[in-house]
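J.: I'll drop the sequence and a predicted model, then ask my questions.
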Amino acid sequence: MNDLAIPSEYTSAKLQPNMAFAPQSGEAPVLSKNVQSFQNILRRMLAVDPKVSDLIFSPGRPPQVELTGDLQGVPIPGLDQLAAAQIKAMADLMLEGNEQGLETLERRGSTDISYSVNGLCRFRVNIFKQRGTVAIVMRVIPTTVPNWQELNLPVGVRNVSELKNGLVLVTGPTGSGKSTTLAAVIDLINDTKKYHIVTIEDPIEFSHEHKLSTIHQRELHSDTPDFALALRAALRQAPKVILVGEMRDRETIEVALEAAETGHLVLSTLHTIDAAKTIDRIIGVFPKTEEAAIRTRLSQSFRRIISQRLMPKVGGGRTAAIEILVSNSRTREYIEKGEKEGRSIVDAMNDGEMEGMQTFDRELEKMIRGGVVKREVGLAYATNANNLALSINDLTGETVLPEAEPEHKETEAVPEIEGFER
């Protein structure tokens with residue numbers, strides 16, 4: 001296999017695949033020159049700007065970083081156009097010793113791993129095949145756990161830390177801040193409760209230290225083969241709180257419901273665009289013959305459904321609009337018996353402000369009136385753009401309705417903001 005030649009300004013060595021550590025006789029393991037070379041490239045890319053969110057390695061392109069939603073190349077002498085063999089060598093270095101990750105890449109065409117650089121940061125890495133070659137996307141994970149005060153999370157989210165049991169879901173498209181919100185909630189519990197917390201992640205993103213709580217973090221592929229198996233095991237590990245990175249399949253959803261029903265607080269995510277669609281997604285996973293039973297179980301076990309959308313704000317950067325559905329007698333009834341004319345989940349949220357509920361469109365109206373986002377941006381991200389346009393009709397200026405569908409489709413990767421992009 002071809003070597004990846006690294007410019008002399010980084011090291012005189014060449015980066016070769018499958019060379020992660022080179023221990024010296026009688027000494028502690030040290031990084032090989034190959035790994036040092038690769039990590040120096042990562043340092044050079046991160047030095048572009050503190051707000052870099054992703055590093056991208058694609059054949060025929062230079063190393064690229066994503067900065068506030070836009071890609072830009074990073075000039076590194078000798079790497080102006082990455083060769084497929086060079087990217088493969090980088091992937092081999094990060095997958096060294098990870099047999100399950102290698103197998104997943106070969107069998108499924110992509111694999112998720114974590115990668116750390118001491119003294120720099122951690123990455124959530126996706127290595128995938130495309131057109132017969134390998135490409136790499138590395139998401140930058142902050143070195144510090146996000147704080148709920150810094151994120152300015154609403155009371156309905158912060159109060160999750162006071163719940164004793166039940167199911168809490170944080171939903172939204174990829175890159176909408178789900179992992180960041182959950183990490184802030186876990187950190188708040190860690191600060192205030194003497195609990196045993198077990199997290200199951202793919203991969204581990206934020207590393208939590210033991211504070212008042214004791215936290216065990218398990219990673220797919222290295223600590224456990226799948227979410228459902230780890231979740232079943234967690235029921236025997238005496239946790240008060242269980243975080244499941246994502247409810248991907250029926251088995252995981254079933255075990256999560258079981259855990260919530262047996263006195264655990266279960267936190268997880270789904271790739272759905274709002275609270276109502278989240279309910280539909282969960283119910284739709286099960287056969288029609290089981291719908292009534294699942295509706296009853298979900299209505300009794302859920303405590304919060306928190307949905308997020310990120311959008312450009314006035315003056316640059318991104319801001320989050322958050323929708324919150326809270327469990328009460330009305331919302332439980334609507335989930336159990338289904339929505340009908342005059343009894344929708346949105347109506348319940350609009351009437352439940354005193355209980356911490358809020359809808360996207362009301363939050364967007366506040367943002368538009370407060371000058372946080374532009375009118376056209378708020379309308380583009382609204383659940384019902386026509387109703388939002390009518391509610392802000394008193395504002396001066398022409399109302400411009402979006403011509404296309406809102407930009408919050410489930411498959412869309414919404415642009416990130418600093419500190420609130422995962």
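T.: Ah, there it is. Residues are numbered from 1 along each chain as shown.

J.: contacts made by the helix or strand where residue 56 lies with the rest, please.
T.: Using DSSP states H and E, residue 56 maps to strand 52-57. By CB atoms under 8 Å, 6 or more residues apart in numbering, the residues outside strand 52-57 that reach it are 42, 45-46, 63-67, 71, 82, 87, 90, 123, 135-140, 416, 418, 421. Every residue, glycine included, has its C-beta placed from N, CA and C.

J.: all helices for the stretch 301-422 of the chain, in order.
T.: For the stretch 301-422 of the chain, the helices defined by DSSP state H, counting those that start in this stretch occupy 329-337, 345-351, 360-369, 375-380, 385-391.

J.: one more: the stretch 1-150 of the chain?
T.: Ranges of helices within the stretch 1-150 of the chain are 33-46, 84-95, 99-108, 148-151, based on DSSP H, counting those that start in this stretch.

J.: next, format those helices as JSON lines and append mean pLDDT and mean neighbour count.
T.: Output for those, formatted as JSON lines (pLDDT from 0 to 100; neighbours: other CB atoms under 10 Å):
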{"stretch": "helix 33-46", "mean pLDDT": "91", "mean neighbour count": "20"}
{"stretch": "helix 84-95", "mean pLDDT": "95", "mean neighbour count": "21"}
{"stretch": "helix 99-108", "mean pLDDT": "90", "mean neighbour count": "14"}
{"stretch": "helix 148-151", "mean pLDDT": "84", "mean neighbour count": "15"}
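
J.: kindly reformat those helices as JSON lines containing distance to residue 129.
T.: Rendered in JSON lines, the data for the helices of the stretch 1-150 of the chain read as follows (distance: least, CB to CB, whole Å):
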{"stretch": "helix 33-46", "distance to residue 129": "20"}
{"stretch": "helix 84-95", "distance to residue 129": "10"}
{"stretch": "helix 99-108", "distance to residue 129": "7"}
{"stretch": "helix 148-151", "distance to residue 129": "36"}
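
J.: any idea which of those helices gets closest to residue 282?
T.: Checking those against residue 282 by CB to CB gives helix 99-108 as the closest, at 24.5 Å.

J.: restrict that closest one to CA atoms and write it as CSV.
T.: Provided in CSV are the C-alpha atoms of helix 99-108 (Å, rounded to 0.1, in the frame of the first residue of the first chain):
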residue,chain,number,x,y,z
GLU,A,99,-11.5,-5.4,14.9
GLN,A,100,-15.2,-4.7,15.3
GLY,A,101,-14.8,-1.3,13.6
LEU,A,102,-12.9,-2.9,10.7
GLU,A,103,-15.5,-5.6,10.3
THR,A,104,-18.3,-3.1,10.3
LEU,A,105,-16.6,-1.0,7.7
GLU,A,106,-16.1,-4.0,5.4
ARG,A,107,-19.6,-5.4,6.0
ARG,A,108,-21.7,-2.3,6.2
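
J.: what about it, distance to the chain center?
T.: 22 Å (CA atoms, centre = their mean, to the nearest Å).

J.: what's the angle from it to helix 84-95?
T.: 140 degrees (axes from the mean of the first three to the mean of the last three CA atoms, to 10 degrees).

J.: which strands and helices lie in contact with helix 99-108?
T.: Contact here means 3 or more CB pairs under 8 Å, 6 or more residues apart in numbering; DSSP states H and E; on that basis helix 99-108 packs against helix 84-95, strand 110-117, strand 121-130.

J.: any regions of this protein where pLDDT drops low?
T.: Within the chain, the ranges that satisfy pLDDT under 70 run 1-31, 396-422.

J.: now with 50, please.
T.: The chain contains residues with pLDDT under 50 at 1-29, 398-402, 404-422.

J.: and it, split by domain according to the record?
T.: 4-141, 148-391 (automatic domain parsing).

J.: can you tell me which of those domains is most buried?
T.: Among those, domain 148-391 has the highest mean neighbour count (mean count of other CB atoms under 10 Å), at a mean of 19.

J.: what about that one, distance to the chain center?
T.: The chain centre lies 12 Å from the centre of domain 148-391; the measure is CA atoms, centre = their mean.

J.: so which helix or strand takes in residue 228?
T.: Here residue 228 is assigned to helix 227-234, by DSSP H and E.

J.: can you tell me what sits against that helix?
T.: For helix 227-234, the surrounding residues in contact (CB under 8 Å, 6+ apart) are 198, 200, 202, 218, 220, 223-224, 242, 244-249, 251-252, 255-256, 259.

J.: the following helix or strand past it pairs with which strands, and in what direction?
T.: Tracing the chain C-terminally past helix 227-234 and defining elements by DSSP H and E, one meets strand 241-244 next. Looking at strand 241-244 with DSSP bridges, its partner strands are strand 196-201 (parallel), strand 265-270 (parallel).

J.: which strands or helices does the helix or strand just after the first one pack on?
T.: On the C-terminal side of strand 196-201, the closest following helix or strand by DSSP H and E is strand 214-219. Packing contacts for strand 214-219, counted by 3+ CB pairs under 8 Å, 6+ apart, involve strand 196-201.

J.: who's in contact with residue 262?
T.: Residues near residue 262 by CB under 8 Å, 6+ apart: residue 235.

J.: how far away is it from residue 255?
T.: To residue 255, residue 262 is 10 Å away according to CB to CB, to the nearest Å.

J.: mutual contacts of these two, please.
T.: Overlap of the contact sets of residue 262 and residue 255 (by CB under 8 Å, 6+ apart) consists of residue 235.

J.: now residue 363: how far from residue 373?
T.: From residue 363 over to residue 373 the distance is 10 Å, taken as CB to CB.

J.: and for residue 111?
T.: 37 Å.

J.: just residue 152 next, same as before
T.: Here the criterion is CB to CB. By it, residue 152 lies 15 Å from residue 373.

J.: with residue 253 instead?
T.: 34 Å.

J.: kindly export stretch 321-332 (C-alpha atoms) in CSV.
T.: The C-alpha trace of stretch 321-332 is given here as CSV (Å, rounded to 0.1, in the frame of the first residue of the first chain):
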residue,chain,number,x,y,z
ALA,A,321,-35.4,26.8,18.8
ILE,A,322,-36.7,24.2,21.3
GLU,A,323,-40.1,22.5,21.5
ILE,A,324,-41.1,20.8,24.7
LEU,A,325,-43.9,18.3,25.3
VAL,A,326,-44.5,17.5,29.0
SER,A,327,-46.5,14.6,30.4
ASN,A,328,-49.8,15.6,32.0
SER,A,329,-53.3,14.1,32.0
ARG,A,330,-54.2,15.8,28.7
THR,A,331,-51.0,14.9,26.7
ARG,A,332,-51.1,11.3,28.1
